[in-house]
Structures are given as C-alpha cells and as structure tokens.
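K.L.:
Coordinates only, no sequence provided:
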C-alpha cells in the first residue's frame, strides 16, 4: 500500500513537471517564432479561401499585417483613393512568414512610385499562399474592389497547373488555437502537413502537357483574358520564374508563349533576374529580401513607364 502511494506521488509529480516543462517550451517557442498565433483564413466556395481582415502577427521576427480588406498590406484599402494599385498572385507576392510586410516588393513598389511621381499611392496585396490561376481568376471576377487605377498580376509556372485549392489542402487555420499548448499544437500541425506533402490540388508535374491538360490550361488562360477584359482596368502581368527555370526555359514554355502572344503588357522577368539568381531566392521559387527589392525596382519602373504612355 505504501509503495503504491509512493508510485502515485512520483507519477503525479512527474506529470506536473512534464506539463510545466512543456508549457515553458511552448512559451519560448511562441516568443521566438510566433507559433501559436497563426493568421486566420476563411473558406470560400468560389476560390477556396482568403484571409480574415484586420490581423497583425509576428512570425520568425517578421511583421505580418492583414488590412481591412483581408490583403497583406500595411495600409488599409480606401475605395475612394484615386491612386491605388491592386496586386494579385500567389505566395510570391504574398511573401510568406520569412519576409516582413515592409520588405515585400508590393510595398516597396508603392514606395518607389510615390517617391518618383510625388503622389501618394496605396498598393493592395490581394495574394495568398497556394493560389493558382483558377483562384486568381475567381478572385478578380468576384472582388469587392473596383477603384484600382492599375491591376498588377504576378504569375509563376506552377500557377497554371493548379486547380481549385480547398482550404483543407493547406496548413491554414480557420480559428484561433485555444488550448494549453498553442505553439506546440501549431508546430505539430506544420510537421504533419509536411509529412502529408500536400500537392493534391494540382495535376502533378510528371506529364503536364497531355492533350486533356492542355485543353484545361487553354480554357483557364482564355477565361483569364475574358475576366481582365470585363474588369476594364489597365493591367500588367509579370512572370516570376522558378530558380531552376532560369536555365531551363522550356519547362513552362507552353504557358509563357501563350501569355506573351495573347496578353498586352506581359513581362517575363527571367532575363532581368538571371544574373542574380543565386542571391535572390529563399528556396526554389520564393524571394528573399534582396529578391523583393530587385522585383520592386523592375516592377515600379514598368508601372511608371506604363502610366507615362
């Protein structure tokens, strides 16, 4: 009986120490990485998902702000502002958690245009991780914004092969984490997502040019063209290559050739960035701070030239 009591006491004390240790670890994880307070996304049956408006978090030391319209932008969107530029794309303009809002090429482009033209510009960043051309089409078609002076779309090769991307296919949160270990919970969630390797929302890249898939791509791009025409706004389209694509220009040539031949103001950035390819990428496709600065220099000049016509 006495030993049983001793064992019970040891188990209880060990459990208490374990919980205290895990809580300390959770607090440290939250403090130094920002885990435990993820951005909140909302489901859309039309384009999959977008971000809840009016959020601000810190992740890996970087500030992430979502404005009043659910866009990753430092400034709130003002529907009465005459000098506004709307950016749309995937995780490349969105930036992820390894770049602060102030360092995104969207924000820097706006700053450079404002400095050059001497007028205040607002740039809205209506981009999100995992968006493909399907989601971009639907967001443009059903957007709540109509006063943009110029529309700027950033595309990458993988955007064309993505279909409808459900929020369940992404490591996103639809509500706050409300438990005793929020940072650990999110860390486990991220790990599980990596293991599951969520790529089911696209066709895969083993054979992306079957006749059936080509038809889908053509329909997607023609729909994109119709939506831009219906939107009736001046636009520029920038193609952002993957790092490996700089030396393999045939990889997504089907898409680039079609876009170049069918869209005005389509700019392939490959040649302009090829000499700096080893210093501007975080990984195979996303940009670091230097990459965002380079894109801002290129894109702001193109926009200013476009406005001067």
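P.N.:
Structure's in. What do you need? Source: prediction; values computed, not measured.
K.L.:
In the host helix or strand of residue 22, which residues are buried?
P.N.:
Assigned by DSSP states H and E, residue 22 belongs to helix 2-33. Buried residues in helix 2-33, defined by neighbour count with 16 or more other C-beta atoms under 10 Å: 26, 29-30, 33. C-beta coordinates here come from the backbone N, C-alpha and C atoms, glycine included.
K.L.:
just stretch 214-230 next, same as before
P.N.:
216-217, 220-221, 224, 227-228.
K.L.:
Quick one: residues in contact with that stretch.
P.N.:
With contacts defined as C-beta atoms under 8 Å, 6 or more residues apart in numbering, stretch 214-230 is touched by 133-134, 136-137, 140-141, 151, 160-161, 235, 254-255, 258-259, 262-263.
K.L.:
next one: that stretch to chain centre, how far?
P.N.:
Centroid displacement of stretch 214-230 relative to its chain, using C-alpha atoms, centre = their mean, to the nearest Å, is 22 Å.
K.L.:
Compute the first-to-last residue distance for stretch 145-162.
P.N.:
Chord length of stretch 145-162, first to last residue, is 25 Å (C-alpha to C-alpha, to the nearest Å).
K.L.:
From residue 58, how far out is the residue positioned nearest the centre of the chain?
P.N.:
With distances taken as C-alpha atoms, centre = their mean, residue 91 lies nearest the centre of the chain, 2.4 Å away. For residue 91, the distance to residue 58 (C-beta to C-beta, to the nearest Å) stands at 19 Å.
K.L.:
tilt between the helix or strand bottoming out on mean pLDDT in the chain and helix 2-33?
P.N.:
The weakest-scoring helix or strand in the chain, judged by mean pLDDT, DSSP states H and E, is helix 182-196 (a mean of 87). Taking axes from the mean of the first three to the mean of the last three C-alpha atoms, to 10 degrees, helix 182-196 and helix 2-33 form an angle of 80 degrees between their directions.
K.L.:
For helix 182-196, give me every contacting residue.
P.N.:
Contacts for helix 182-196 (C-beta under 8 Å, 6+ apart): 22, 25-27, 29-30, 33, 35-38, 171, 173, 177, 179.
K.L.:
list the contacts for residue 121?
P.N.:
Residue 121 touches 83-85, 110, 113-114, counting by C-beta under 8 Å, 6+ apart.
K.L.:
Show the pLDDT at it.
P.N.:
Per-residue confidence (pLDDT) for residue 121: 91.
K.L.:
where's the closest residue to residue 180 other than its chain neighbours relative to residue 218, distance?
P.N.:
Leaving aside its sequence neighbours, residue 180 sits nearest to residue 23 (C-beta to C-beta, 6 or more residues apart in numbering; 7.0 Å). Separation of residue 23 from residue 218 (C-beta to C-beta): 55 Å.
K.L.:
So what's the residue count around residue 102?
P.N.:
Using other C-beta atoms under 10 Å, residue 102 has 14 other residues around it.
K.L.:
What backbone torsions are found at the nearest residue to it once chain neighbours are set aside?
P.N.:
Leaving aside its sequence neighbours, residue 102 sits nearest to residue 74 (C-beta to C-beta, 6+ apart; 6.8 Å). Reported as degrees, to the nearest 10, the phi and psi values for residue 74 are phi -70, psi -40.
K.L.:
show me the contacts for residue 74.
P.N.:
Per C-beta under 8 Å, 6+ apart, neighbours of residue 74: 65, 67, 101-102, 107.
K.L.:
for residue 19, same thing?
P.N.:
residue 180.
K.L.:
Would you mind confirming that residue 117 is in contact with residue 304?
P.N.:
Yes - Residue 117 is in contact with residue 304 according to C-beta atoms under 8 Å; the separation is 7.0 Å.
K.L.:
Let me see the mean pLDDT of the helix holding residue 22.
P.N.:
Here the average pLDDT along helix 2-33 is 90.
K.L.:
Identify the residues contacting whichever helix or strand comes after that helix?
P.N.:
Downstream of helix 2-33, the next assigned helix or strand under DSSP H and E is strand 41-44. Residues outside strand 41-44 that contact it (C-beta under 8 Å, 6+ apart) are 49-52, 70, 167, 170, 172-174.
K.L.:
partner residues bridging the nearest residue to residue 110 once chain neighbours are set aside?
P.N.:
Spatial nearest neighbour of residue 110, excluding adjacent residues (C-beta to C-beta, 6+ apart): residue 123 at 3.6 Å. Residue 123 has these beta-bridge partners by DSSP bridges: residue 85.
K.L.:
For residue 123, give me its contacts.
P.N.:
73, 75, 84-87, 106-107, 109-110.
K.L.:
I'd like to know which of these are part of strands.
P.N.:
84-87 (DSSP state E).
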